[in-house]
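**Student:** sharing a sequence plus its predicted fold:
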Amino acid sequence: MLILTLAVFVQHSSVLPVASAQPPSEWPEAEPIRVIMQSTADWGRILFDDLNGTNANGLKIKAVLASGWLSGRDFDDTLTAGRKLPWPDAIYGRIVVRHGDLVEFFKGLRDFRYTESYADLVLQVDVNMPQVYVWLMSGGNGTTTFEITSLATNGIIWRDVIVGNGVTQQVRRVMSPQPFFHPGRTENLVVIVWLGVAILAVIILNLPFLELLHIRVKRARHRRRSRQRNRK
């Protein structure tokens, strides 16, 4: 029984990933995500980087899987997504070109038509940070909704809104790194621990503990009865 149970468990466990001898990366790949921007503003941007382009915010874009428009695109609307792309920033009245990991759209000044765009990304996340953050940017008087969903489950990971006030806005949004990883994902260490627990449970269940306990209880009762008879 023990050998048969172990064989079945090992057979099902063989499809699981084998633990690597290399230490785990501090920037593992997260599950693929979709960034959706629904907007009536003339432009908008989500920056997966800090303002200095050093990724000190705990996020990186590793790959862009796809990008495009879901609705409302005009002939002069543009959408860009990628790593260390240039973007203009106004500092003390002058324009400075920064670089960062971003997704952005531009419809033209005073173009407040509703549009919906997307970009499918693979992110790397610094799992040693308790919190990570993104920068949301928009201009004009429109409203922009930024949404991050899981491509695996279609569930919403994070969502926020910027309401335009006529000037350029830059707001930082903090979030946990854990939702970027699929809840059903099984790490190698967890597999090893559960394998050990299963083997230990099988061994314990196949040992004659109940029989030994029953024998000890019968012997104890027999000794008590013998003492009672001797006292009489």
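**Tutor:** Now that the structure is in, tell me what you want to look at.

**Student:** so the spatially most central residue of the chain versus residue 158, what's the distance?
**Tutor:** When Cα atoms, centre = their mean is applied to the chain, the residue found nearest the centroid is residue 180 (1.5 Å). Separation of residue 180 from residue 158 (Cβ to Cβ, to the nearest Å) stands at 9 Å. For the C-beta atoms, the positions are set from N, CA and C on the backbone; glycine is no exception.

**Student:** and for residue 222?
**Tutor:** For residue 222 relative to residue 158 (Cβ to Cβ), the value is 69 Å.

**Student:** neighbour count for these two, which is higher?
**Tutor:** residue 158 (16 against 10; other Cβ atoms under 10 Å).

**Student:** ok, and the closest non-adjacent residue to that one?
**Tutor:** Spatial nearest neighbour of residue 158, chain neighbours left out: residue 148 (4.6 Å); criterion: Cβ to Cβ, 6 or more residues apart in numbering.

**Student:** who's in contact with the one you found?
**Tutor:** By Cβ atoms under 8 Å, 6 or more residues apart in numbering, the contact set of residue 148 is 33-36, 156-159.

**Student:** what strand or helix carries residue 133?
**Tutor:** strand 132-139 (DSSP states H and E).

**Student:** should've said residue 196
**Tutor:** Assigned by DSSP H and E, residue 196 belongs to helix 188-206.

**Student:** now that helix: mean pLDDT?
**Tutor:** Helix 188-206 shows a mean pLDDT of 61.

**Student:** so that it lines up with my notes, have the first residue be 31 from now on.
**Tutor:** Yep, numbering from 31; the last one is helix 218-236 now.

**Student:** list the contacts of stretch 81-92.
**Tutor:** 57, 59, 78-80, 111-114, 119, 128-132, 151-156, 159, 161-165, 207.

**Student:** from those, which would you call buried?
**Tutor:** With burial judged by 16 or more other Cβ atoms under 10 Å, the buried subset of the contacts of stretch 81-92 is 57, 78-80, 111-113, 128, 130-132, 151-156, 162-165, 207.

**Student:** can you verify residue 260 is assigned to a helix?
**Tutor:** Yes. According to DSSP: H, G, I helix; E, B strand; the rest coil, residue 260 belongs to a helix.

**Student:** share the number of residues neighbouring it, please.
**Tutor:** Other residues close to residue 260 by other Cβ under 10 Å number 7.
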